[in-house]
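In: Here's a sequence, model it:
(chains A and B)
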Amino acid sequence: MMKHVLTLLAAFLIGATPVAAQDSQPLKIIVDQGVIEPLPFAVPDFVAGSSASAEYARNIARVVSADLSGTGLFREIPSNAYISQITSFSSPVQFADWKAINAEALVTGFVNVDASGKLVVQFRVYDVFAGQEMSQGLQFVGTPDGWRRMAHKVADEVYKRITGEGAYFDSRVVFVSETGPKNQREKRLAIMDYDGANVSYLTDSSSIVLAPRFSPSGSQVLYTSYESGFPRINVLDVSNVARRALEGQDGTMSFAPRFAPDGRTVVYSLTRGGNTDLYTMDINTGASQRLTNAPSIETAPSFSPDGSQIVFESDRSGTPQLYVMSSGGGEATRISFGKGRYGTPVWSPRGDYIAFTKQSKGRFHIGVMRTNGSEERLLTASFLDEGPTWAPNGRVIMFTRETAGASGASSLWSVDITGRNLRQVATNTGASDPAWSPLQN
Amino acid sequence: MGKAAEAGRTRGLDRVNTGQIISGVGHLGLIAFALFGGAFQSEPLPMEVSEVTAISSEDFALLMAQTQAPDAVANVDTPEPPEAGEAVPDLTSDTDETPVVAQPEVAEPDVPDEAPDVAELAPPEAEVTDEAPVLQPPSEEVAVLPEINPESQPRPADVIAPEAVEAPEPDVRIDDVDQQETQPDEAETVVEDEQEETARQETTTEIVTEAEEEEDAPIAPTASVRPVARPSRPVEEPAEEVVQDVPSTENSSVEDALAEALGTTQTETRPAGPPLTAGEKDALRLGVQQCWNVGSLSTDALQTIVVVAFQMTEDAKPVANSIRMVSSSGGSSSSAQQAFDAARRAIIRCGARGYDLPAEKYDQWREVEITFNPENMRIK
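Out: As a prediction, this is how the structure comes out:
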């Protein structure tokens, strides 16, 4: 009896003892500070299935590496630091060798030209320190002359898996190619891969062209042409470069066009009787609708991704500022209140930010703000930065930078929305007015 | 009885003395750290030193010419030139050398020639046909222990059936049904047909690959040896006298009750060690956060708080395959996975040489749970 009582008492006491609780409690800490630095990665040359695919294997690995390094989020470990080589795509990876050189991510691949002449690219991404593959390997099949696109697709997958952001490498940019001196400049519409490769020209240089803009599908381009002596909006089919002027522009000046997310409606500025307002037009029927009716200048409209709102530039308050209104017109809300002039607003494809050009104290800036005007952040500063366009993932912005003086030239630059990783986009000629396409299918 | 009381007092004094000694040493250490550890030392003011040399005006002019000239070029040269693809040479010749082509006709056939580039590029679109075959999970063990020959391991049956069938005797014929071998009846009243013994082929309900097989038979020990407990104080010195003074039945019943309540014997319990000090916890936190790289995380992942738990070996290294996400908040499941991946990389990378933790308190940090909160790392 005594023993039972003692047992109960002891059980009660021990149950209440903190020592027993401590034994099962893990040590808890909170980490709220980290580092922001490029993630080291390795992309050894892909394994070639035959001698015919050896060059593709090497080149594809280099393009993948350039894509990733170009984001500023990754840092490639040079191949001369490798301890082990990837000689077989299907062999297990020696993670210790890649850990030793601090490669946090490893991309391996296999390239082969099959019997039908198709290029087959397989790849895998490894989290080296976790010692495991990140998701499953993938395979792309295409024509050999499209090897760069396949490389971009591989890089897109790697980028998505590591960062969680949307992809953007397999995309194109339409821009105005500029040649000749400043006072006699020839301008042509051109299209290229996002990284400056594979340039093609869409128009000749017989007339001035401005402000090309992709359709949501990427198959058409709107631009402003001075072919008739007045600014007119043209629409051009990218696949066969067939082009036509939009209807209903007689006796007016139309410019700053941009597609609505539905791909059928175009919003643009139209100057009639000395007053500039915003209009929309159905690209197929030519039916137009006036959105604003103010004595001030309203221009540079851009739809929100859901098509419900339009951000535009207006000088109704005395200086150019940014306003947001419903896509059907009506009352507009001013969203820019900083010192300086704001222009060329562009809604991010993710819908979270609006990019803009700002002129302040004799300098031009590319900046971003929330769609209600908060959290304004200037990303660049120079003699002349203007015309931002968003990458398909809404994380990178491309814009035009022009240098000062009579010999000043235009060039394309890109910057991350954090303001980091400012870099020039390689083009063979002077370039301005970039417009980023959606991600290709 | 008097001796027992005196022994009790002595033990009490011992405890007081030990407490005072620990406190004294702690305070002395703190004072020493404050004096010599640099807590009261201020950072020396930064000072720039420039070496100045006198140069002639010609040299200066030459220098200025050298520094100014590349300015414009530097801007152009910063980015990598485009890959030497086939398209670029085409474009150069088209742009610069054939102005005749650039006629303003709308139906100009030469300019449209460029467009098929786009059309031709479309076909290579991502026919994501299928996943590449699944590899053996690559692991360091495979590399480190090449002498383990998978062929020598007992292999499971590769025939799939709804129910597993045990391996038949080696000399039994495989058949669709199990049959017992006939034996000659001693009584010889019934004559049976001669029947050979048969058995169904060995089957299993699932395919076990060699890769999985390795996990089933781990090469490394799965449990680590618990550290040796601190030697207990010699409190039982007067054991013989206690045994003599106290009735043994009373004492044993208390001990038995304690043992029963604990569900174990007293000899198996070990002290958990004193809790970690704030400084020791900070050392671990600093050790992890210097490897927590959020630079490649998506904006969504930077909104996600993840709680990650893992085990430590006695030499303060994290057990990689014990790292798991306990919970996440503020983001989608995919962004939680990105955030967890970054956290796991941080724990493994910075723990490769072992964290700075007191070995004598192993029980306090055998299990660790870290909350990774990226709130301060978001875009400002």
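In: I'd assumed A:K160 was in contact with A:V125.
Out: No: with contacts counted by C-beta atoms under 8 Å, A:V125 stays clear of A:K160, the gap being 9.8 Å. C-beta here means a position set from N, CA and C on the backbone, and glycine is covered the same way.
In: From the chain's centroid, how far away is stretch A:287-302?
Out: A distance of 28 Å separates the C-alpha centroid of stretch A:287-302 from that of its chain, computed with C-alpha atoms, centre = their mean, to the nearest Å.
In: circling back to that earlier point, when A:V125 and A:K160 are compared, which one has more neighbours?
Out: A:V125 (24 against 20; other C-beta atoms under 10 Å in any protein chain shown).
In: Quick check: the gap between the more buried one and A:M150.
Out: Using C-beta to C-beta, to the nearest Å, A:V125 is found at 16 Å from A:M150.
In: One more: A:R341?
Out: Distance from A:R341 to A:M150, by C-beta to C-beta: 44 Å.
In: Among the two, which residue is more densely surrounded?
Out: The neighbour comparison of A:R341 against A:M150 (other C-beta under 10 Å) goes to A:M150, with 27 against 16.
In: Format the CA atom coordinates belonging to the helix or strand hosting the more buried one as CSV.
Out: Per DSSP states H and E: A:M150 is located in helix A:147-163. C-alpha atoms of helix A:147-163 as CSV (Å, rounded to 0.1, in the frame of the first residue of the first chain):
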residue,chain,number,x,y,z
TRP,A,147,19.8,25.5,-79.7
ARG,A,148,20.0,29.0,-78.1
ARG,A,149,16.3,28.9,-77.2
MET,A,150,16.7,25.4,-75.7
ALA,A,151,19.6,26.7,-73.7
HIS,A,152,17.4,29.6,-72.5
LYS,A,153,14.7,27.2,-71.6
VAL,A,154,17.1,25.1,-69.5
ALA,A,155,18.3,28.3,-67.8
ASP,A,156,14.7,29.3,-67.1
GLU,A,157,14.0,26.0,-65.4
VAL,A,158,17.1,26.3,-63.3
TYR,A,159,16.3,29.8,-62.3
LYS,A,160,12.8,28.9,-61.4
ARG,A,161,13.8,26.0,-59.3
ILE,A,162,16.4,27.9,-57.3
THR,A,163,14.8,31.3,-56.9
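In: do it and chain B meet at all?
Out: Yes: interface with chain B: helix A:147-163 contributes A:147-150, A:153, A:162-163 (C-beta under 8 Å from any C-beta of the partner chain).
In: So if we follow the domain assignment, how does chain B break up?
Out: B:239-267, B:278-377 (automatic domain parsing).
In: Minimum distance to A:Q33: which of those domains has it?
Out: domain B:278-377 (5.1 Å; C-beta to C-beta).
In: what would the domains of chain B look like in a markdown table with mean pLDDT?
Out: Formatted as a markdown table, the domains of chain B follow (pLDDT from 0 to 100):
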| stretch | mean pLDDT |
| --- | --- |
| domain B:239-267 | 46 |
| domain B:278-377 | 91 |
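In: Can you say which of those domains is packed in most?
Out: Mean neighbour count (mean count of other C-beta atoms under 10 Å in any protein chain shown) peaks for domain B:278-377 among the domains of chain B, with a mean of 19.
In: Between the two ends of that one, what distance do you get?
Out: 24 Å (C-alpha to C-alpha, to the nearest Å).
In: what do you get for stretch A:313-323?
Out: Stretch A:313-323 end-to-end distance (C-alpha to C-alpha) = 6 Å.
In: same check, this time on stretch A:76-83
Out: 15 Å.
In: For it, buried residues please.
Out: Across stretch A:76-83, burial judged by 16 or more other C-beta atoms under 10 Å in any protein chain shown covers A:76-77, A:82.
In: For the stretch 151-300 of chain A, which segments are assigned as strands?
Out: A:172-179, A:186-193, A:200-201, A:209-214, A:220-225, A:232-237, A:243-245, A:253-259, A:265-272, A:275-282, A:288-290, A:298-303 (DSSP state E, counting those that start in this stretch).
In: Adding mean pLDDT, write the ones you listed out as TSV.
Out: What follows is the strands of the stretch 151-300 of chain A, written out as TSV (pLDDT from 0 to 100):
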stretch	mean pLDDT
strand A:172-179	94
strand A:186-193	93
strand A:200-201	92
strand A:209-214	92
strand A:220-225	92
strand A:232-237	91
strand A:243-245	88
strand A:253-259	90
strand A:265-272	91
strand A:275-282	92
strand A:288-290	90
strand A:298-303	95
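In: With respect to B:D356, which of those lies nearest?
Out: Of the strands of the stretch 151-300 of chain A, nearest to B:D356 by C-beta to C-beta is strand A:186-193, at 48.9 Å.
In: Any part of that closest one near chain B?
Out: Yes: contact of strand A:186-193 with chain B (C-beta under 8 Å from any C-beta) involves A:188, A:191.
In: how far off helix A:147-163 does that strand point, in degrees?
Out: 60 degrees (axes from the mean of the first three to the mean of the last three C-alpha atoms, to 10 degrees).
In: Name every strand pairing with strand A:186-193 and say which way it goes.
Out: Its sheet considered, strand A:186-193 pairs with strand A:172-179 (antiparallel), strand A:200-201 (antiparallel) by DSSP bridges.
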